[in-house]
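Colleague: here's a sequence, model it:
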Amino acid sequence: GKMSGSTITLACQDYDHTRALVDGTVSVEGFELKVMTISPPSQIFLRMLNKDEFDASEMSLSNYMIALGHEDRRFVAIPVFPSRVFRHSYIWVNTKAGIMEPKDLIGKRVGIADYSMTALLFVRGMLKHEYNVLPEDIHWFRRRSEHVPIKAPANLRIDNIEKGQTLDGLLEEGKLDAVAVTSPPQSFKSGSPLVRRLFRDAKQAEFEYYRRTKIFPIMHLVVIRRTVYEKNPLIATALTEAFQKAKQRAYDRLEEDLAPIPWMNLDLEYAQQAMGVDLYPYGVRQNMPTLEAATLYSYEQGLTEKKFTVSELFAPETLDLFSAS
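Modeller: Have a look, this model is predicted:
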């Protein structure tokens, strides 16, 4: 119901698992919530990082850690993870580049959006820890500037593609050997024989990776402006719990709805057998392997000067939420 509490603005992408917050079915106890859905999320991150525009927002996990590493204390995170994506299936190669397996990426030219994004944090961590391919073994080509300033390690090779060039075009022409991106290249979607995934059976690769490591990469978390949080610390727990309820609503809909995709029911079954009933767990303890990996990779890759302990990232009163569940 309506509460007389203070109004909180929240910006996030329009996800199934946050929709109940948008339409007001789930409320935030003690607060009046005003949600803005904005796409793509990178717009949200930039508006929050550059202008502190919202009271709370979705935020890149990697950008958040980098900012914190620069003593930027404007935000405090809660253990809500609106976006999680396995990354093996998001690496594409030019079929003529002679890349059969991950170690063949050594010495190759790989296109990316920007270096500091979380997707790449996990790609580089996976390449290093699973296949012994280091970030400095690859020549990276970026299509945009970083959202947060980074000090790239001295032996790292990063160049920018030229104006008018696209990663997709360069990949198809063979001027890039591979791309690690967040949506399929146009050439792949149109069935070009020149472009394929690095991992031929990506689903199996991702499943095995999860089974072995228990890492389900977290792309985004949710942050609250520290001034808002300090004025009323109850916001952290109340918002985390509201997000959890909204997510449960999405699961309930999934169970009862006619799926828009054939075999989605079987995929859901497969995923839950592999990962447990709550496929996108919120909370800190439930996500330790993934969060530990993120803090380690950020440090190893020179994006943060020290390795954060996971608990340093989150509002202290949220550290034990949902632990029992």
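
Colleague: isn't residue 120 right next to residue 112, touching?
Modeller: Yes - with contact defined as C-beta atoms under 8 Å, residue 120 reaches residue 112; the gap is 5.7 Å. To be clear about C-beta, it is placed using only N, CA and C from the backbone, and glycine gets the same treatment.

Colleague: gap between the two ends of stretch 169-184?
Modeller: Length of stretch 169-184, first residue to last, C-alpha to C-alpha, to the nearest Å: 13 Å.

Colleague: that one: which residues count as buried?
Modeller: 169-172, 176-182, 184 (16 or more other C-beta atoms under 10 Å).

Colleague: please apply the same query to stretch 79-98.
Modeller: So stretch 79-98, judged by 16+ other C-beta under 10 Å, has buried residues 79-94, 97.

Colleague: just to revisit the earlier point, between residue 120 and residue 112, which contacts overlap?
Modeller: residue 180 (C-beta atoms under 8 Å, 6 or more residues apart in numbering).

Colleague: please, where are all the strands along this protein?
Modeller: Here the chain has its strands, by DSSP state E, at 7-12, 32-37, 56-60, 75-84, 91-94, 109-112, 139-142, 157-160, 178-180, 195-197, 218-225.

Colleague: pick the most deeply packed of the ones you listed.
Modeller: Mean neighbour count (mean count of other C-beta atoms under 10 Å) peaks for strand 56-60 among the strands of the chain, with a mean of 26.

Colleague: what's in contact with that strand?
Modeller: Outside strand 56-60, the residues that touch it by C-beta under 8 Å, 6+ apart are 8-13, 41-42, 44-45, 47-48, 75, 77, 82-83, 117-118, 147, 219-225, 228, 235, 239.

Colleague: so where's this protein shaky on pLDDT?
Modeller: 1-4, 257-258, 324-325 (pLDDT under 70).

Colleague: just the helices in it please.
Modeller: In order along the chain, the chain carries the following helices (DSSP state H): 19-22, 41-51, 61-69, 118-131, 167-173, 186-189, 202-213, 226-231, 234-256, 264-275, 288-300.

Colleague: which one of those helices is the most hemmed in?
Modeller: Mean neighbours per residue, mean count of other C-beta under 10 Å, is largest over the helices of the chain for helix 61-69, with a mean of 24.

Colleague: residues making contact with that one?
Modeller: Contact with helix 61-69 is made by 45, 49, 74-75, 77, 81, 116-118, 120-121, 147-148, 150, 218-221, 223, 294-295, 298, 303-306, 308, 312-313, as judged by C-beta under 8 Å, 6+ apart.

Colleague: okay but residue 320 is in contact with residue 314, surely?
Modeller: No - Residue 320 is beyond contact range of residue 314, at 10.4 Å (criterion: C-beta under 8 Å).

Colleague: who has more neighbours, these two?
Modeller: Legend: neighbour count by other C-beta atoms under 10 Å for residue 320 and residue 314, higher for residue 314 (22 against 12).

Colleague: which residues does the more buried one contact?
Modeller: By C-beta under 8 Å, 6+ apart, the contact set of residue 314 is 76-79, 284.

Colleague: equivalent analysis for residue 124, please.
Modeller: With contacts defined as C-beta under 8 Å, 6+ apart, residue 124 is in contact with 135, 297, 301.

Colleague: how close does residue 69 get to residue 87?
Modeller: For residue 69, the distance to residue 87 equals 22 Å [C-beta to C-beta, to the nearest Å].

Colleague: quick one on the thing from earlier: would you format the strands of the chain as CSV with distance to residue 20 included?
Modeller: Shown next, in CSV, are those (distance: least, C-beta to C-beta, whole Å):
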stretch, distance to residue 20
strand 7-12, 12
strand 32-37, 10
strand 56-60, 16
strand 75-84, 13
strand 91-94, 34
strand 109-112, 34
strand 139-142, 37
strand 157-160, 41
strand 178-180, 33
strand 195-197, 34
strand 218-225, 15
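
Colleague: for residue 255, which of the ones you listed is the nearest?
Modeller: For the strands of the chain, proximity to residue 255 was assessed by C-beta to C-beta; strand 75-84 is nearest, at 20.0 Å.

Colleague: hmm, who's touching the closest one?
Modeller: Here strand 75-84 makes contact (C-beta under 8 Å, 6+ apart) with 12-13, 15, 17-18, 41, 48, 58-59, 61, 64, 67, 216-226, 229, 236, 239-240, 243-244, 280, 282-284, 287, 313-315, 318-319, 321.
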